[in-house]
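Participant: 3D model of this:
(one chain, ligands or ions: 1)
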Amino acid sequence: MDRVEDRTKERVTIPVIGGGWAGCAAALALAKAGYRIALYETAQDLGGRARRVVRDGLPLDNGQHVLLGAYAETLRSLAFVNGNVSKSPFVQRPLAISPFAQTQHDAIMLRAWRSPPPFALFAGLMSARGLSWRDRIATARWFARLRKGGYRVGAGTTAAELMAALPTRARERLLMPLCLSALNTPPARASAQVFANVLRATFDGADGASDMLLPSTDLAALFPHAIARWLAANGHVIHLRAEATIVGTVERSIVVRSEDREIRAPAAMVAVAPHQLSRAFGPAVRADESIACAIREVDRLEWEPIVTVYLGYAESVDLPAGLVQLDDKPGQWIFDRRDILARAQAGAPALAALLAVVVSGSGAHTALTNDVLTRDVDAQLRRLRPTLPRVTWSQVITEKRATYSCTPTAARPHPGRLTAGIYLAGDYTDQEFPATLEAAVRSGRVAAEQLARDVGS
Ligand SMILES: Cc1cc2nc3c(=O)[nH]c(=O)nc-3n(C[C@H](O)[C@H](O)[C@H](O)COP(=O)(O)OP(=O)(O)OC[C@H]3O[C@@H](n4cnc5c(N)ncnc54)[C@H](O)[C@@H]3O)c2cc1C
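Facilitator: Numbers count the residues shown, from 1 in each chain. Below is the predicted model of the structure:
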């Protein structure tokens, strides 16, 4: 599907329900295969959980997101729609992990090298600060064993069990925090297999897979708007503020209703979040055994929140480059978001620095009010760096259902055909990656390819 099929004259319309990253990716793949797309999104803008959120004139996004060089499908889709735009929407840097403050004595400082995988990681580990030589070698051996076993781990194993053989500091200050941020699930409950998949894709994948991609724009402009622009320019239709429901099948056509209009199509793509799945079908369709089974599976999934605390300062604050680690009390990672200030709208507060502090997964912090959490995070940063200037602006963005809880036993529907004519995409359907932007985009492409194979021209 890397070229565009020219079947513009006899185009069949395929409704795509859900305008998050999965729905946008599916729409693009189907459009490239020659179908006419009708994309439906309930919200007033595309993007879903990775959407633009503007507060006080600052385009903050719906919480801090990190993209990696391993996001091959996402990068491929973007290269296609941005083909003639010379400026990359990312700044790409080798993965680097540093502590926020010198006072974090147990912290680890690591820089992945620009060399072919897995040497990038091994060289990074060997030169890591905060680990003894014995720990560096034991950690490298642990990786080598995982690699030798083809990154396959026993079914039902948790990430904490997988990491039990690691030296304590490498486990607690490096691998466990990476697991929590990648799977958004505490290692004691997280799937070891999915974590191993992430390690393979990031540290043993293509050249540059472990690089961090820092977007130079907001999340909506980065992917959904870029795809929407391409779709609109090629004659496809995007309906915003338009909830759509598959209400039935008539003469082998799928009937999709949005407001008071119905369209009939040979197939439809459903790319909504798991908790929205049931609502995307009318009662007659929910009675289908395959659909009922998928709904039962997603109903059993548990959710993990992600909280991002944005702190603005009137004076500049310098952070090391890359991923900057806190001490988990309560903030886990901190990001320099001065790029947001450069895109501030008229009337935005005058700030010299904007930091985003992330707390992934469930924990005591979720019971706190925004004011108390902001105070706690500010106190944490000051404890670590007493010279920090006073906070002059703040905002908390909480997504209670950021991702499903990625446990070893969480059975999830696969991307692709759910039942005759109905196809499923979404971050929760990818079986290899945890709930991420890349999982969403991969699922969209996989489901679109199956639909195109089944429906043909
Ligand atoms: C705070 C936060 C931080 C995150 N950090 C990262 C990160 O660092 N890196 C990373 O890779 N991932 C991260 N993620 C995860 C990532 O955002 C999600 O995996 C991804 O956005 C999911 O995309 P999706 O298209 O599968 O689902 P969604 O984004 O949920 O999209 C579903 C869309 O369908 C629409 N919809 C639902 N029902 C209907 C209907 N009946 N009709 C029409 N439209 C409908 C919804 O409005 C929504 O727009 C983070 C998520 C959050 C919340």
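
Participant: what's the first-to-last distance across stretch 228-237?
Facilitator: 9 Å (C-alpha to C-alpha, to the nearest Å).

Participant: for the stretch 251-400 of the chain, just list every one of the strands.
Facilitator: Taking DSSP state E, counting those that start in this stretch as the criterion, the stretch 251-400 of the chain contains strands spanning 253-258, 261-265, 268-270, 303-313, 323-325, 333-336, 353-360, 391-404.

Participant: in CSV: these, plus mean neighbour count and mean pLDDT.
Facilitator: No exception for glycine: its C-beta is placed from N, CA and C like everyone else's. Shown next, in CSV, are the strands of the stretch 251-400 of the chain (neighbours: other C-beta atoms under 10 Å; pLDDT from 0 to 100):
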stretch, mean neighbour count, mean pLDDT
strand 253-258, 20, 98
strand 261-265, 15, 96
strand 268-270, 27, 98
strand 303-313, 23, 97
strand 323-325, 21, 96
strand 333-336, 22, 96
strand 353-360, 23, 97
strand 391-404, 18, 97
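
Participant: near the ligand, which residues of the stretch 301-450 of the chain?
Facilitator: Proximity of the stretch 301-450 of the chain to the ligand, by C-beta under 6 Å from any ligand atom, involves residues Ile306, Thr308, Glu399, Ala402, Thr403, Gly426, Asp427, Ala435, Thr436, Leu437, Glu438, Ala440.

Participant: same thing but 5 Å
Facilitator: Selection of the stretch 301-450 of the chain residues close to the ligand by C-beta under 5 Å from any ligand atom yields Ile306, Glu399, Ala402, Gly426, Asp427, Ala435, Thr436, Leu437, Ala440.

Participant: about what we covered before: for Asp207, which of the strands of the stretch 251-400 of the chain is the nearest?
Facilitator: strand 323-325 (19.8 Å; C-beta to C-beta).

Participant: for that closest one, what is the distance to the chain centroid?
Facilitator: Here strand 323-325 is found 18 Å from its chain centre; the criterion is C-alpha atoms, centre = their mean, to the nearest Å.

Participant: likewise stretch 104-117?
Facilitator: That offset, for stretch 104-117, works out to 23 Å (C-alpha atoms, centre = their mean).

Participant: and what of stretch 66-79?
Facilitator: Taking C-alpha atoms, centre = their mean, the mean C-alpha location of stretch 66-79 is offset from the chain mean by 11 Å.

Participant: what residues sit buried inside that stretch?
Facilitator: Neighbour-count burial for stretch 66-79 flags Val66, Leu67, Leu68, Gly69, Ala70, Tyr71, Ala72, Glu73, Thr74, Leu75, Ser77, Leu78 (criterion: 16 or more other C-beta atoms under 10 Å).

Participant: picking up where we left off before, can you name the two of the residues of the stretch 301-450 of the chain next to the ligand that sit furthest apart?
Facilitator: Within those, two members stand farthest from each other by C-beta to C-beta: Ile306 and Gly426, at 17.2 Å.

Participant: the buried residues of stretch 66-79: which ones sit near the ligand?
Facilitator: Answer for the buried residues of stretch 66-79 near the ligand (C-beta under 5 Å from any ligand atom): Val66.

Participant: related to what we said a few turns ago, of the strands of the stretch 251-400 of the chain, which is nearest Asp376?
Facilitator: strand 303-313 (8.9 Å).
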